[in-house]
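J.: 3D, please:
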Amino acid sequence: ISRRNTEKSSEAEKRIRLSDDNVEVNKKTIEKLLRTNSQIISKLELNDDNKNNNTIDTEYIKELVKKVSKILFENFVYPSQEEYRLATEKYLKDENPEFIRQFKKNQWILFFEKKIAPTLVQQHRSIRGTFTSRVKDVMYSVYEVTGHKLPSINTQASPSKIQEWKSKPEVKRCYNILFKKVKDGQPTTYMSLIIDKDKFTHSDDDSHDGNDVDDGGDRAADDRAGAADDGVTNDGRPNDGAANDDAANDGAANDGAANDGIADDDILSIDSYNTEEEGRYVNSLLENYGLHKK
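T.: Next comes the predicted model:
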């Protein structure tokens, strides 16, 4: 009896060991299968991404960029990366929902950042550069015909030169009368005159076109916006530098007291303007001449 009990106990222990071994084998097998499945899923998603990238018409992307950039500029002169993406998403959801439905959220963000954002940013800069140059030309013209002389300034000049220009009495005078009436008893201000003259000079069709960029976004759409008016203002005066979006006021003195009242925060606030349109004009001309506070 004792021998049979010993044999039974040994068999039971053997079965337990086999059971434990099976559990360990099954665990390793399951882990291996999960890793394999994960790799397969990743490859399938990669193939889907490549398929989408290869089948999407590049010409459509170029047209999309042109339309979104025009709409975006109406609301944001200096959009953030998120605002670029949200504006594109809104346009697609309104105009071509099937296009954006083909992407999962992460796929869409990746596609936007690689295929749309670089060109969209450049196109927006092109529009902004063209707009800024136009404002500058019209502003000079309006001041001249109304008997005011606004000195020219090289926007690539040193901070000391820019500050010297800002300190000139005639520059302060021109800045301070922007929202004043041209003639007593009439509603027209210098700013509204600038806006009206620009609208008369440029049709709605080309008012915010900028310069087209290629779908790669490899170069600045407008050569940093400096070539927008071929280096010459509309009455022959030299352009004196690029109307780009960043370099025009690099290092410019904007430390409060040094501004002598120019580019005051309250003045630059969009709430101070009669319309959002006037706000865009002021921001553009201030930025062009190094007056915009960073």
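J.: Give me the nearest residue to K181, chain neighbours excluded.
T.: Spatially, and ignoring its direct neighbours in sequence, K181 is nearest to T189 (5.6 Å; C-beta to C-beta, 6 or more residues apart in numbering). Placement of C-beta: from N, CA and C, glycine included.
J.: Tell me, how many residues neighbour the one you found?
T.: Number of residues near T189 (other C-beta atoms under 10 Å) recorded here: 17.
J.: what does N154 give?
T.: Neighbours around N154, by other C-beta under 10 Å: 16.
J.: tell me, how many neighbours does T88 end up with?
T.: Using other C-beta under 10 Å: T88 sits among 23 other residues.
J.: just checking, what packs against the helix or strand where it lies?
T.: For T88, the host element (DSSP states H and E) is helix 81-95. With contacts taken as 3 or more C-beta pairs under 8 Å, 6 or more residues apart in numbering; DSSP states H and E, helix 81-95 sits against helix 58-75, helix 97-101, helix 117-145.
J.: wait, what's in contact with the spatially closest residue to V121 that is not a sequence neighbour?
T.: Leaving aside its sequence neighbours, V121 sits nearest to Y84 (C-beta to C-beta, 6+ apart; 6.7 Å). Contacts for Y84 were tallied using C-beta atoms under 8 Å, 6 or more residues apart in numbering; they are 72, 117, 120-121, 124.
J.: what's the average pLDDT for stretch 68-81?
T.: What stretch 68-81 shows for mean pLDDT is 90.
J.: end-to-end on it?
T.: 14 Å (C-alpha to C-alpha, to the nearest Å).
J.: K166 and A157: what is the separation?
T.: Computed as C-beta to C-beta, to the nearest Å, the K166 to A157 distance reads 11 Å.
J.: Neighbour count: these two, which is higher?
T.: For K166 versus A157, neighbours defined as other C-beta under 10 Å are more numerous around K166 (23 against 18).
J.: G185 looks like it's in a helix, true?
T.: No - per DSSP: H, G, I helix; E, B strand; the rest coil, G185 lies outside any helix segment and is coil.
J.: Which residues are in contact with it?
T.: Counting by C-beta under 8 Å, 6+ apart, G185 has no contacts.
J.: hang on, the earlier thing: the helix holding T88 versus helix 58-75: what angle between them?
T.: 110 degrees (axes from the mean of the first three to the mean of the last three C-alpha atoms, to 10 degrees).
J.: residues of helix 81-95 that come out buried?
T.: By neighbour count with 16 or more other C-beta atoms under 10 Å, helix 81-95 contains the buried residues 84-85, 87-88, 91-92.
J.: Kindly report the same for stretch 171-183.
T.: 171, 174-175, 177-178, 182.
J.: Looking at those, which is nearest H148?
T.: C174 (5.6 Å; C-beta to C-beta).
J.: pLDDT score for N106?
T.: 90.
J.: That one should be in a helix, yeah?
T.: Yes - assessed by three-state DSSP, N106 belongs to a helix.
J.: what's the closest of the helices and strands packed on helix 81-95 to W108?
T.: helix 97-101 (6.4 Å).
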